[in-house]
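K.L.:
Provided below are the primary sequence and the corresponding predicted coordinates.
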Amino acid sequence: MKQTYSINLGGMVFNIDDDAYQVLKKYLEQIEMHFANTSERQEIMADIEARIGELFHERNKASNRAIDLKEVENVISILGDPDEIGESENGSAPKSKEKYRSSSSRRMYRDPDNRILGGVCSGMGAYWQIDPLVFRIIFVITIFGFVGPIIYLILWVVIPEAKTTAQKLEMKGEPVNISTIGKSVKEEFENVKTRMNL
């Protein structure tokens, strides 16, 4: 008989076996130590925990069984080991050669960071790696046919907004691991500081 714990990751509650809990706890402590000297540590940790919660939810939504050690090890293999990832002296480039890749592929989201109206065109641009201006011009041209606004509204309702760092990375087709989440959060903080100084 194994003892289980209830944990909260990214607002989702999971039951987890004792041995899996110990490994996950140690893993999260290693990540926190890795980002200990950064001012964005809490935001990075929240995003990483949310990503772990998403991965557990994807793999465990069919059943309500407890998370086991194999599932924790699988998530760790996706996100990467903080000791191997590291950062270079200038603090920008990871040492690892993108060893850890997410199992998910590129997904379409509305882009809240580069939106003009709903973020549909900027999300489509990020998904297909095309300048969003192309999609904006297409929608402006189709306004006169009355079809454009209807299609835009339908896409606005159907396509979810990229809210988390992991979703923003998936939208761009980048791997969702510790290194890219940390880098993305740091860039977001720098953008906010730059906007506030203007």
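P.N.:
Perfect, thanks for sending it.

K.L.:
Please parse the chain into its domains.
P.N.:
4-105+164-197, 120-158 (automatic domain parsing).

K.L.:
Now render the ones you listed as a markdown table, adding mean neighbour count.
P.N.:
(Each C-beta comes from the backbone N, C-alpha and C, glycine too.) Shown next, in a markdown table, are the domains of the chain (neighbours: other C-beta atoms under 10 Å):
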| stretch | mean neighbour count |
| --- | --- |
| domain 4-105+164-197 | 16 |
| domain 120-158 | 15 |
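
K.L.:
Can I get those in JSON lines including distance to residue 114 and mean pLDDT?
P.N.:
Conversion of the domains of the chain to JSON lines gives the following (distance: least, C-beta to C-beta, whole Å; pLDDT from 0 to 100):
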{"stretch": "domain 4-105+164-197", "distance to residue 114": "11", "mean pLDDT": "78"}
{"stretch": "domain 120-158", "distance to residue 114": "4", "mean pLDDT": "88"}
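
K.L.:
Just list the residues touching the residue nearest the centre of the chain, thanks.
P.N.:
What sits nearest the mean C-alpha location of the chain, by C-alpha atoms, centre = their mean, is residue 166, with 0.5 Å. Taking C-beta atoms under 8 Å, 6 or more residues apart in numbering as the criterion, residue 166 is in contact with 47, 50-51, 54, 176, 181.

K.L.:
repeat that with 10 Å
P.N.:
Contacts for residue 166 (C-beta atoms under 10 Å, 6 or more residues apart in numbering) come out as 10, 47-48, 50-52, 54-55, 102, 104, 174, 176-177, 180-181, 184.

K.L.:
Tell me which helix or strand it sits in.
P.N.:
helix 165-172 (DSSP states H and E).

K.L.:
And the helices in the chain, which stretches?
P.N.:
18-34, 41-60, 69-79, 82-85, 120-128, 132-142, 147-158, 165-172, 178-197 (DSSP state H).

K.L.:
Residue 6 is nearest to which of these?
P.N.:
helix 18-34 (9.9 Å; C-beta to C-beta).
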